[in-house]
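Undergrad: Sequence first, then the predicted structure, then my questions.
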Amino acid sequence: MSRSTFILGISAYYHDSAACILRDGEIVAAAQEERFTRRKGDATFPANAVEFCLERAGAEAGDLAFVAFYDKPLLKFERILETYLGVAPRGLKQFLLAGPLWIKEKLFMDRSLREELGYDGDILYSEHHESHAASAFYPSPFEEAAILTMDGVGEWATASIGVGEGNEIELTRELHWPDSLGLLYSAFTFYTGFKVNSGEYKVMGLAPYGEPRYVKKILDNLIELRDDGSFRLNQEYFNYTTGLTMTSRAFDRLFGRRPRLSETSITQQDMDLARSVQEVCEEVMLRMARTARQDTGMKNLCLAGGVALNCVGNGRILREGPFDNIWIQPAAGDAGGALGAAQLAWHRRCRQPRQVTAGRDAMQGAYLGPDYSAADIRSFLDASDAVYEELERDELLNRTAGLLATENVVGWFDGRMEFGPRALGARSILGDARSSRMQSQMNLKIKFRESFRPFAPSVLAERASDFFDLDCDSPYMLLVAPLKEERRIPIPESQNHLWGMDQLKLTRSDVPAITHVDYSARVQTVGPDSNRNYYDLLRAFERRTGCPLLVNTSFNVRGEPIVCSPKDAYTCFMRTAMDFLVLWPFLLDKKAQPEWKEEEDWRSMLELD
Ligand SMILES: [Fe+2]
């Protein structure tokens, strides 16, 4: 019997470290380190994720044909060094802060990989945007496609356009540091008072409350945008190459104030800035997509890189762009680079062909993380004195659907954890989208987060078009689509004066909990194939209520990574106002649980922003 070829992919040391393992090219497991260490966006060597991947694949470090790393640390160091030298002595402060870390961890990547892993085989390094591009194309359902990657920065590249055919990918255009769409967005994230590298979602969620009144100012001053989507950023307004902040004093002067401090309240200007940078970002994304089409002539587009998590922009590329089909890597950020690097090793280094199943990607629904047996869950629950019922499958589905239909909020933990930032029905908190109080209840009492943030729906794939203007699947919740006109409730004239957050008081549709103020929704379509239990839960809810969708938010509180283990889930359940918890096949009622005792000051562990 021939032995399997195992390839381990790793991304680490920047943000959101992750590991992934392939067995003969098939993705066996992938996970982010933060889920195990419980430190959000953990950037350290992903020792726990690697251990999980090896165990899941039944392999040891000595069995690995290759370890593949998602970027080239020496090239990255060269960029950093050149940047600092170019602006010396202005960048000295940042260099002194970043320097020792780079020298210790990044320059000696090779050694630390070997020491941490106990591995002495080949380590392959691919370029950052090649890793993103590989993660976008190789698992996609397309034989051939254009590829577009956009992020903050890798080594030098900040965006790339390329083409994938068979088992080959080739990048044909790159945009280089310091001209970066991701960093432009992050600059506004910083300026509007959110945390860079994680608050970008909030800016996107805030945008519909604002007016695009600064678009012209941005285009006239900050960014020189060309027809092909490439651009130059006017570095006078930014500080990320030289300082410890993203924006400069000139930026403050341009918009007439200092950056918002996170503890101060969000103003209309913040909303207008969010809306404006979002519109500029969408315009750049659309232009780059058109260029990708012109360059390649392809009908399909694959997307990855952190900017590809901008699901509003993705939705516009789908609706207004030149492609027939688009596919977005669910772990579009740097975690997904681990997957891309491993696949490059398999297809490029090992010259292995790529098998495409028509209409189906190779991500297994992104359910690539750990799962837990009923026996494991039971022993945890017994050890915790938790009170639970074990139910047959149908009864569990029907009872849960009934609880949801009566406005209970239910934690839903079932099967393998998702890879990437979105919860897709394995580690989710669920609620009834028809309820007018669900959005504020879930935001304030369960997620402990800002009330403006919208919730997303999971909808039965076959009923999605009854609710949304969306004519394709969106299994990874990476597309925003408009709610159908007939679902909308017009705003009475007497309420037209409501502005900013006050708009939250209005009921906008028959599914208000998932309807954003601009009548959009970030949709997850759920088909029968990838997560049968979740699909059947939606069916059970539909049978009972006629409504085929639920609010689906990630199973965590603000500032905490998504839960991984039954212990994480139970802890989160007990700390919040969640009413019921499904730890498949068990059902737990909050009211029946013993009193919860905190072991530590858990809030101090959160990465609040
Ligand atoms: Fe990246």
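TA: Yes, it's here.

Undergrad: The helix or strand Leu183 falls within and the ion, any residue contact?
TA: Using DSSP states H and E, Leu183 maps to helix 181-191. No: for helix 181-191, no contact with the ion is found by Cβ under 5 Å from the ion; the gap never falls below 7.6 Å. For every residue, glycine as well, the C-beta is placed using N, CA and C.

Undergrad: Going toward the C-terminus from that helix, what's the next helix or strand?
TA: Counting by DSSP H and E, what follows helix 181-191 is helix 200-206.

Undergrad: Is that following helix in proximity to the ion?
TA: No: between helix 200-206 and the ion, judged by Cβ under 5 Å from the ion, nothing touches; the nearest distance is 12.8 Å.

Undergrad: got the CA positions of that helix in PDB?
TA: This file holds the C-alpha atoms of helix 200-206, laid out as PDB (Å, rounded to 0.1, in the frame of the first residue of the first chain):
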ATOM      1  CA  GLU A 200     -13.000  46.800   9.700                       C
ATOM      2  CA  TYR A 201     -16.200  44.800  10.000                       C
ATOM      3  CA  LYS A 202     -17.600  47.500  12.200                       C
ATOM      4  CA  VAL A 203     -16.800  50.200   9.700                       C
ATOM      5  CA  MET A 204     -18.600  48.200   7.100                       C
ATOM      6  CA  GLY A 205     -21.600  47.700   9.400                       C
ATOM      7  CA  LEU A 206     -21.600  51.400  10.300                       C
END
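
Undergrad: Just the C-alpha atoms of the helix holding Leu183, please, in CSV.
TA: Extracted C-alpha coordinates of helix 181-191, given in CSV (Å, rounded to 0.1, in the frame of the first residue of the first chain):
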residue,chain,number,x,y,z
LEU,A,181,-6.7,49.1,-0.2
GLY,A,182,-6.6,47.2,3.0
LEU,A,183,-4.5,49.8,4.7
LEU,A,184,-6.7,52.7,3.4
TYR,A,185,-9.7,50.9,5.0
SER,A,186,-7.7,50.3,8.1
ALA,A,187,-6.7,54.0,8.3
PHE,A,188,-10.4,54.9,8.4
THR,A,189,-11.0,52.1,10.9
PHE,A,190,-8.4,53.7,13.2
TYR,A,191,-9.7,57.2,12.6
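
Undergrad: now it, how far from the chain's geometric center?
TA: 17 Å (Cα atoms, centre = their mean, to the nearest Å).

Undergrad: all helices for the stretch 51-200 of the chain, in order.
TA: Counting by DSSP state H, counting those that start in this stretch, residue ranges of the helices within the stretch 51-200 of the chain are 73-87, 92-101, 109-117, 128-137, 181-191, 200-206.

Undergrad: Wait, Asp589 touches Val387, no?
TA: Yes: counting by Cβ atoms under 8 Å, Val387 is a contact partner of Asp589 at 7.2 Å.

Undergrad: Any residues of the stretch 251-400 of the chain in contact with the ion? List them.
TA: Contacts of the stretch 251-400 of the chain with the ion, taken as Cβ under 5 Å from the ion, map to Asp334.

Undergrad: Residue in the stretch 251-400 of the chain with the shortest distance to the ion?
TA: Nearest residue of the stretch 251-400 of the chain to the ion (Cβ to the ion) works out as Asp334 at 4.6 Å.

Undergrad: what about that residue, how many neighbours?
TA: Asp334 has 31 neighbouring residues, counting by other Cβ atoms under 10 Å.

Undergrad: Report the contact partners of the closest residue in space to Glu320 that isn't next to it in sequence.
TA: Closest residue to Glu320 apart from its sequence neighbours, by Cβ to Cβ, 6 or more residues apart in numbering: Leu286 at 6.3 Å. Residues near Leu286 by Cβ atoms under 8 Å, 6 or more residues apart in numbering: Gly229, Gly313, Arg316, Ile317, Glu320, Gly321.

Undergrad: Quick one: which of the residues you listed is the most crowded by neighbours?
TA: Per-residue neighbour counts (other Cβ under 10 Å) across these peak at Gly313, which has 28 neighbours.

Undergrad: what about the closest residue in space to that one that isn't next to it in sequence, which helix or strand?
TA: Counting by Cβ to Cβ, 6+ apart, Met285 is the residue found nearest to Gly313 once chain neighbours are left out, at 4.2 Å. Assigned by DSSP H and E, Met285 falls within helix 268-296.

Undergrad: Name every strand pairing with the helix or strand that comes right after that helix and say which way it goes.
TA: The C-terminal neighbour of helix 268-296 among helices and strands, as given by DSSP H and E, is strand 300-304. Here strand 300-304 is paired, per DSSP bridges, with strand 144-150 (parallel), strand 325-328 (parallel).

Undergrad: Nearest to Ile80, out of the ones you listed?
TA: strand 144-150 (20.5 Å; Cβ to Cβ).

Undergrad: separation between the residue of the chain found nearest the ion and Leu318?
TA: The ion sits closest to Asp151 of the chain, with a gap of 3.6 Å, by Cβ to the ion. Distance of Asp151 to Leu318, computed by Cβ to Cβ, to the nearest Å: 20 Å.

Undergrad: Residues of the chain that sit close to the ion?
TA: Contact residues, the chain versus the ion (Cβ under 5 Å from the ion): Asp151, Asp334.

Undergrad: pLDDT weak spots in the chain?
TA: Along the chain, segments meeting pLDDT under 70 span 1-2, 74, 77, 81, 84-109, 112, 243, 497-502, 504, 600-609.

Undergrad: element containing the most centrally placed residue in it?
TA: Of all residues in the chain, the one closest to the mean position by Cα atoms, centre = their mean is Pro421, 3.3 Å from it. Counting by DSSP H and E, no helix or strand carries Pro421.

Undergrad: For Phe231, see how far away it is.
TA: From Pro421 to Phe231 the distance is 26 Å (Cβ to Cβ).

Undergrad: again with Ala374
TA: From Ala374 across to Phe231, the span is 54 Å (Cβ to Cβ).

Undergrad: who's more crowded, these two?
TA: Using other Cβ under 10 Å, the more surrounded residue of Ala374 and Phe231 is Phe231, with 21 against 12.

Undergrad: what's near enough to touch the more buried one?
TA: Contact analysis of Phe231 by Cβ under 8 Å, 6+ apart lists Leu175, Asp179, Leu181, Ile223, Glu224, Leu225, Val284.
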